[in-house]
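Participant: Okay, here's the prediction I keep looking at, along with the sequence it came from:
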Amino acid sequence: MEKVSLPKGTRDFGPAQMAKRQFIFDSIRKVFQRYGFQPLETPAMENLSTLTGKYGEEGDQLLFKILNSGDYLKDVDSVKLATKDSRLITNDISEKGLRYDLTVPFARYVVTNRHEITFPFKRYQIQPVWRADRPQKGRYREFYQCDADVVGTDSLVCEAEIILMIKDAFKILGINDYIVKINHRGILSGLAEILNASAKEGSLFVAIDKLDKIGEEKVKEELRARGFDGDLSSLFETLNFKGNTKQKIDFLGQKFTSSEKGKKGLSDLTEVLSLLAGFGATDDHVEFDVALARGLSYYTGCIFEVKIGNVSIGSVSGGGRYDNLTAVFDAKEKSSGVGFSFGIDRLYDAMEELNIFPKDARASSTVLVAHLDEQSFRHSLKIVQGLRENEISCEVYPEPAKVKKQLEYADKKKIPFVVVIGSEEIRTETVTLKKMETGNQLTLSFPELVTAMQLYK
RNA sequence: GUGGGUGUAGUUCAGUUGGUUAGAAUGCUAGAUUGUGAUUCUGGAGGUCGUGGGUUCGAGCCCCAUCACUCACCCCA
């Protein structure tokens, strides 16, 4: 057994995986830029005070904390230390933590740089985040998020554009079977009002969010366990209502006659769909799901979640509108924001499961130049350089070796073409080009080789 | 934090009620083929059976502990 290993929940990405990952990164980056978002990067670590308290009690426990440098125990109160309760001394020995998501560092950035920022500010950010929870399928301790957020406008155009960006990205990635679920925090509040349960919204939402996963009976059980003992039939009548988005909105309109929050939610949704139509887009793949609940501690408006069909992976993207994210850093700062995030690692897992990565998601050379002896090795250097001048990625086998060995190398690295140089080729000023896939080979002049390779590209 | 499952060759896994020298596939390596890979044939290397203890004449197999990995719950991308 190897003694060296990786921390739990972290992974290496070899060349084959990186080619696929970069295909996803590039596709998403392209979409973000197409919609006018600008790149931003923030440090891997933030002050712990920036991070704590933003993700709920559960989230605080999942933060990776960084031990202070130096003799960090020296000044810790000896009474506290004697309790052996590590939570009591966390703040004394750690003042930095790894970021848990990209939204909070973004809010911190907006507050720190507000004088330089032109609002509405649209930024995208593709960086790793870290969570100290127990890894399982589709869940890692280090993973990438690809966030796009707009801060400083209430316009529902942003919501509509989020839907458009998700559709665009999935089109480029070749994912056809997916659902963009949309709901509104106001609609959830409306449901709670009808049940006279506004005081314990949180546990209501967490329970109904599991509806499609565990079923109606289990949700009822959980609700009763959480103290909802009244009549639940109206709630489930609403949750189970079948129909298209417009029918759902009409149906809820009758329920929400007395709920201002509910009505606001419905009018926002209606407007988002209307704007979507204004862009000339359909609402294909978009589903209004009354049971969708997420990010309860900070979302205030529309909420989104994206699921891919026929894969065992949870949601691959999510987002929503938060009215007061920056207010947690500065009470005077109340910029409304809206954004969403792609989970790259889950997209990767889903695409791998569906086997839909393009065949040419490859990052190796197009051509390997092989040689037979010292003289042809020298000659092959000129060939390689000539190919590079024509922007064809290629490499020369770096030492004398049997042709067999050089071809095996090309085969293993999935290099599609090999140019063989020997005394015959030098004498006639030609090259022998072999296509690895078929084994066919032909004799070409150098300009013909360049043309052939450019056509292939 | 709670609960299941699995640890045997580089990798994926067999291994009978406990019985002598622990196997296969694949990969690696050398050759058949001194200008041709992937396909074919022949040979070779590679294992402290996760670790520590116990039961037994005898343990890969049974018992205990421990570690690692993995799946699920809570929560989340």
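Facilitator: Good, I have the coordinates.

Participant: Any stretches of chain A with poor pLDDT?
Facilitator: A:1-3, A:296, A:360-363 (pLDDT under 70).

Participant: Looks to me like residue A:399 is in a helix.
Facilitator: No: read with DSSP: H, G, I helix; E, B strand; the rest coil, residue A:399 is coil and lies in no helix.

Participant: burial of the residue nearest to residue A:339 when sequence neighbours are not counted, as a residue count?
Facilitator: Spatial nearest neighbour of residue A:339, excluding adjacent residues (Cβ to Cβ, 6 or more residues apart in numbering): residue A:149 at 2.9 Å. For glycine as for every other residue, the C-beta is placed from the backbone atoms N, C-alpha and C. Using other Cβ atoms under 10 Å, residue A:149 has 27 neighbouring residues.

Participant: how about residue A:149, phi and psi?
Facilitator: Per-residue torsions, residue A:149: phi -130, psi 150 (degrees, to the nearest 10).

Participant: Surely it and residue A:103 touch.
Facilitator: Yes: assessed by Cβ atoms under 8 Å, residue A:149 is found in contact with residue A:103 at 6.8 Å.

Participant: Mind listing the shared neighbours of those two?
Facilitator: residue A:339 (Cβ atoms under 8 Å, 6 or more residues apart in numbering).

Participant: Helices along the stretch 151-300 of chain A, start to end?
Facilitator: A:157-173, A:185-194, A:201-208, A:211-214, A:216-225, A:233-239, A:245-255, A:260-278 (DSSP state H, counting those that start in this stretch).

Participant: What helices and strands are in contact with the third one?
Facilitator: I take that to be helix A:201-208. helix A:185-194, helix A:216-225 (3 or more Cβ pairs under 8 Å, 6 or more residues apart in numbering; DSSP states H and E).

Participant: And for the first one?
Facilitator: Secondary-structure packing of helix A:157-173 (3+ Cβ pairs under 8 Å, 6+ apart): helix A:15-34, strand A:142-151, strand A:178-184, helix A:260-278, strand A:302-308, strand A:317-322, strand A:337-343.

Participant: Partner strands of the second one and their direction?
Facilitator: So the one you mean is strand A:142-151. strand A:121-130 (antiparallel), strand A:337-343 (antiparallel) (DSSP bridges).

Participant: In TSV: these, plus distance to RNA strand B and mean neighbour count.
Facilitator: Below are the strands paired with strand A:142-151 laid out as TSV (distance: least, Cβ to the nearest atom of the strand, whole Å; neighbours: other Cβ atoms under 10 Å):
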stretch	distance to RNA strand B	mean neighbour count
strand A:121-130	8	21
strand A:337-343	3	26
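
Participant: Residues touching stretch A:317-331, excluding its own?
Facilitator: Outside stretch A:317-331, the residues touching it (Cβ under 8 Å, 6+ apart) are A:50, A:53-54, A:103-104, A:107-108, A:110-111, A:151, A:158-159, A:162, A:166, A:185, A:294-295, A:298-306, A:333-343, A:347.

Participant: repeat that for 7 Å
Facilitator: By Cβ atoms under 7 Å, 6 or more residues apart in numbering, the residues outside stretch A:317-331 that reach it are A:54, A:103, A:107-108, A:110-111, A:159, A:162, A:166, A:294-295, A:298-306, A:333-343.

Participant: what's the answer for stretch A:415-429, then?
Facilitator: So stretch A:415-429 is contacted by A:364-372, A:375-376, A:379-380, A:383, A:403, A:407, A:410, A:431-437, A:445, A:449 (Cβ under 7 Å, 6+ apart).

Participant: Could you restrict those to the ones contacting RNA strand B?
Facilitator: A:372, A:403, A:407, A:432, A:434, A:436, A:437 (Cβ under 7 Å from any atom of the strand).

Participant: From those residues, which land in helices?
Facilitator: A:403, A:407 (DSSP state H).

Participant: ok, residue A:27 touching residue A:171?
Facilitator: No: Residue A:27 is not in contact with residue A:171 according to Cβ atoms under 7 Å; the separation is 9.3 Å.

Participant: Neighbour count for those two, which is higher?
Facilitator: A side-by-side neighbour count of residue A:27 and residue A:171, using other Cβ under 10 Å, places residue A:27 first with 19 against 12.

Participant: list the contacts for the more buried one?
Facilitator: A:169, A:172, A:173.

Participant: what's the answer for residue A:46, then?
Facilitator: A:97, A:99, A:105, A:108.

Participant: Now, those residues that are in strands?
Facilitator: residue A:97 (DSSP state E).

Participant: For PyMOL, what selects the buried ones among the contacts of stretch A:317-331?
Facilitator: To isolate the buried members of the contacts of stretch A:317-331 in PyMOL, using 16 or more other Cβ atoms under 10 Å:
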select buried, chain A and resi 54+103+107+108+110+111+159+162+166+294+295+298+299+300+301+302+303+304+305+306+335+336+337+338+339+340+341+342+343
